[in-house]
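Student: Provided below for reference: sequence and predicted model.
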Amino acid sequence: MKTPAIALLLLALSETASAGRAEGVAGDETGAPPAGARARVLPVSLREAVALSMNHNLDIEVARYQPWIEDQNVLAALGTWDHVLYAQGSGSENTSIGFSQLSGATRLESDFITTTLGIRKVLPFGASYDLSYSFDRSSSNNSFLLINPRWTQTAGLSVALPVLRGGSTAANTATLVVTRNGRDISVDQFERSLTDSVFAVIVAYADLAFAIENKKVKEQSLDVARRLLDDNRRKFERGVVARIDVTQADAGVAAREEEIITAEAAIQNAADRLKRLMDPAMLREEVTLVPVDRPKALETVIDERSAVEKAMEEALGRRPEIAQVRRQIASQDVLIARAGNDLLPRLDLTGRASVNGTDGEYGGAGHVASTGDARELVAGIVFEIPLERSAARGNFTRAELEKRRLLLQERNVHNQILVEIREAVRGVKTNELRIEATRRTRLLAQEQLDGELTRREQGLSTTFRVLDVQEDLILAQTNELKAKLDYHLARHRLRQVTGTLLEDFGVLLKDNLQPRVSLASR
């Protein structure tokens, strides 16, 4: 049920927004620039403020880059299985002295040129292959050579297959899996950053709305103080009151004017904070923000125990911190599997098959090789085992300890979220009670001020006492306004800790991952 104070607040907000739209210039109550400067008035709702921040908030834009960067890390990790095309060549000349009649010449001269082309690749399950082609040309003045010059062509395929260490897909793709999980973790972190940024906009919006309404309270107090001063001056002129009553009333006016100056500065500061979050370009323009959202009536009164249980259940499935630690545990399981594979001895099967041909011409060597008459088949085995296995055992134990740490961290995250939810629910409940308590306090303070004014007219109270009671009313009005805003902030805080804040404001994570602000933007 709406209280009279809430109705007055709604009316005040409505009048402020209407005046801003009609005049198109800054008013004293909306955080305008100094007198004489014209400013564009921008009525803005909370949803509009959040929507603007999605496109212009640099905090959000900075956070957007990390998933983009992690995408490139995934691409780099895939490079482990890239095809590698290679080529190499060399040439040599040799001159020597013949040392016998069988040397073929008294001065032996020869030259040799070789070129190799090939492509190799490592496969995800650990095997690798190397397909190559090479040709050689050699010539000499040795008279005993049957073929001179001599061309040799060779085509071959080499294969290596790990059986134990390095022989599993899980071990060989561990880095890729961890990198992909890292990319997903960066998205989780961005979601948390996005949620925090949206809540920061909500807080800044509420701060500006409070500052504007708080200034209105101060202005109302100033009006009362001025009427009291005018009344005292008239009574002093008639000799009804002493000079001290005029002085006290004048001091009261000065104090309230000082409060308005402070309140105006608070409006400007709050507006700047909101502009930075909405669109930093507004900081360089004459823009007056006018919050148009009106405080709503109290939502359904919550039961603290059931609200905590429901929020915790929802948070376990929505909070990015929980998803993040679960991905870290999944990555650690992969690293443990790789470390366990590294404990195994090395046992590799190797093989090579090739054909070659030799002839006095390049084409003839290729023809001979194509017949397969000259071929080579090689099979081998490679076995090795570190006797101490210190590095492998250390890495395996470290990976297991890291997983234990992450499991404890997961429990700690659950406990932290539970504390946040309990505090948020308690904040909603507390502010529900504060609204009613501050309303009653404000009504009683108003009644007390009215009574003191009546007593003063009857000569039963002093100006000092009236001003003192008026201070109590100002404090009560401020506290009531703060309680209402704190209640709605507490509601938003509860949505934040349960992970539903983005959804409530229609912010889709997948639509906000790509950068939007260019470096040329202000």
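Tutor: Now that the structure is in, tell me what you want to look at.

Student: which stretches of the stretch 251-400 of the chain have low pLDDT?
Tutor: Along the stretch 251-400 of the chain, the parts satisfying pLDDT under 70 run over 296-300.

Student: typed the wrong thing, it's the chain
Tutor: In the chain, residues with pLDDT under 70: 1-38, 98-106, 296-300, 516-522.

Student: Can you show me the strands along it?
Tutor: 40-44, 84-97, 107-122, 128-140, 150-162, 287-291, 346-359, 375-384 (DSSP state E).

Student: Now tabulate these in a markdown table and tack on distance to Arg493.
Tutor: C-beta: built from backbone N, CA, C; applies to glycine. Putting the strands of the chain into a markdown table (distance: least, Cβ to Cβ, whole Å) gives the following:
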| stretch | distance to Arg493 |
| --- | --- |
| strand 40-44 | 21 |
| strand 84-97 | 55 |
| strand 107-122 | 51 |
| strand 128-140 | 56 |
| strand 150-162 | 54 |
| strand 287-291 | 19 |
| strand 346-359 | 57 |
| strand 375-384 | 60 |
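
Student: between these, which gets nearest to Lys218?
Tutor: Relative to Lys218, the nearest member of these by Cβ to Cβ is strand 287-291, separated by 17.8 Å.

Student: starting at the chain centroid, how far to that closest one?
Tutor: 28 Å (Cα atoms, centre = their mean, to the nearest Å).

Student: Which secondary structure elements does that strand sit against?
Tutor: Taking 3 or more Cβ pairs under 8 Å, 6 or more residues apart in numbering; DSSP states H and E as contact, the helices and strands that strand 287-291 lies on are helix 4-23, strand 40-44, helix 174-237, helix 243-278.

Student: Thr350 is nearest to which of those?
Tutor: Per Cβ to Cβ, nearest to Thr350 of the helices and strands packed on strand 287-291: helix 174-237, 23.8 Å.

Student: which strands and helices sit next to the closest one?
Tutor: Helix 174-237 packs on helix 4-23, helix 46-56, helix 58-78, helix 243-278, strand 287-291, helix 320-342, helix 463-498, helix 501-504, going by 3+ Cβ pairs under 8 Å, 6+ apart.

Student: Ala171: which of those is closest?
Tutor: Smallest distance to Ala171 across the helices and strands packed on helix 174-237 (Cβ to Cβ): 3.9 Å, for helix 320-342.

Student: Give the other helices and strands that that closest one contacts.
Tutor: helix 169-172, helix 174-237, helix 390-457.

Student: now that helix: how far from the chain's centre is it?
Tutor: Chain-centre distance of helix 320-342: 21 Å, with Cα atoms, centre = their mean.

Student: Next: stretch 175-184.
Tutor: The answer for stretch 175-184 is 17 Å, by Cα atoms, centre = their mean.

Student: Select, out of the helices and strands packed on strand 287-291, the one closest to Ala76.
Tutor: From the helices and strands packed on strand 287-291, taking Cβ to Cβ, the stretch that ends up closest is helix 174-237, at 7.9 Å.

Student: re earlier: among the strands of the chain, which is the most enclosed?
Tutor: strand 287-291 (a mean of 24; mean count of other Cβ atoms under 10 Å).

Student: For that strand, which strands pair with it and how are they oriented?
Tutor: strand 40-44 (parallel) (DSSP bridges).

Student: Next, the angle helix 243-278 makes with the strand it pairs with.
Tutor: 80 degrees (axes from the mean of the first three to the mean of the last three Cα atoms, to 10 degrees).

Student: Only the C-alpha atoms, please, for strand 40-44, written as PDB.
Tutor: The C-alpha coordinates for strand 40-44 follow below in PDB (Å, rounded to 0.1, in the frame of the first residue of the first chain):
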ATOM      1  CA  ARG A  40      20.100  19.600 -23.200                       C
ATOM      2  CA  VAL A  41      17.700  17.800 -20.800                       C
ATOM      3  CA  LEU A  42      17.700  14.100 -21.200                       C
ATOM      4  CA  PRO A  43      14.900  12.300 -19.300                       C
ATOM      5  CA  VAL A  44      16.100   8.800 -18.800                       C
END
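
Student: That one: how far from the chain's middle?
Tutor: Chain-centre distance of strand 40-44: 29 Å, with Cα atoms, centre = their mean.

Student: burial measure for Ala249, as a count.
Tutor: By other Cβ atoms under 10 Å, 25 other residues sit near Ala249.

Student: what's the nearest residue to it if we skip its chain neighbours?
Tutor: Distances taken as Cβ to Cβ, 6 or more residues apart in numbering place Leu229 nearest to Ala249, at 4.0 Å, with adjacent residues excluded.

Student: Neighbours of the one you found, how many?
Tutor: 21.

Student: Just confirm it contacts Ala251, I think it does.
Tutor: No: Leu229 lies out of contact with Ala251 (Cβ atoms under 8 Å); the separation is 9.4 Å.

Student: and the gap between the spatially most central residue of the chain and Asp348?
Tutor: Nearest residue to the geometric centre of the chain (Cα atoms, centre = their mean): Phe190, 2.7 Å. Separation of Phe190 from Asp348 (Cβ to Cβ, to the nearest Å): 43 Å.

Student: Ser90 against Thr114, yeah?
Tutor: Yes: contact criterion Cβ under 8 Å: Ser90 and Thr114 qualify, at 5.7 Å.

Student: Just send the helices and strands packed on helix 320-342 back as a markdown table, with distance to Leu75 too.
Tutor: Listed next are the helices and strands packed on helix 320-342 as a markdown table, based on distance: least, Cβ to Cβ, whole Å:
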| stretch | distance to Leu75 |
| --- | --- |
| helix 169-172 | 18 |
| helix 174-237 | 9 |
| helix 390-457 | 26 |
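
Student: Tell me how the chain divides into domains.
Tutor: For the chain, automatic domain parsing gives the domain ranges 4-72+177-328+405-507, 87-122+127-165+346-384.

Student: Just put those domains in a markdown table and tack on distance to Gly340.
Tutor: A markdown table is the format used below for the domains of the chain (distance: least, Cβ to Cβ, whole Å):
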| stretch | distance to Gly340 |
| --- | --- |
| domain 4-72+177-328+405-507 | 15 |
| domain 87-122+127-165+346-384 | 10 |
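
Student: what's the neighbour count on Ile385?
Tutor: Burial of Ile385 is recorded as 11 neighbouring residues (other Cβ under 10 Å).

Student: And Pro345, by the same measure?
Tutor: Residues near Pro345, counting by other Cβ under 10 Å: 12.
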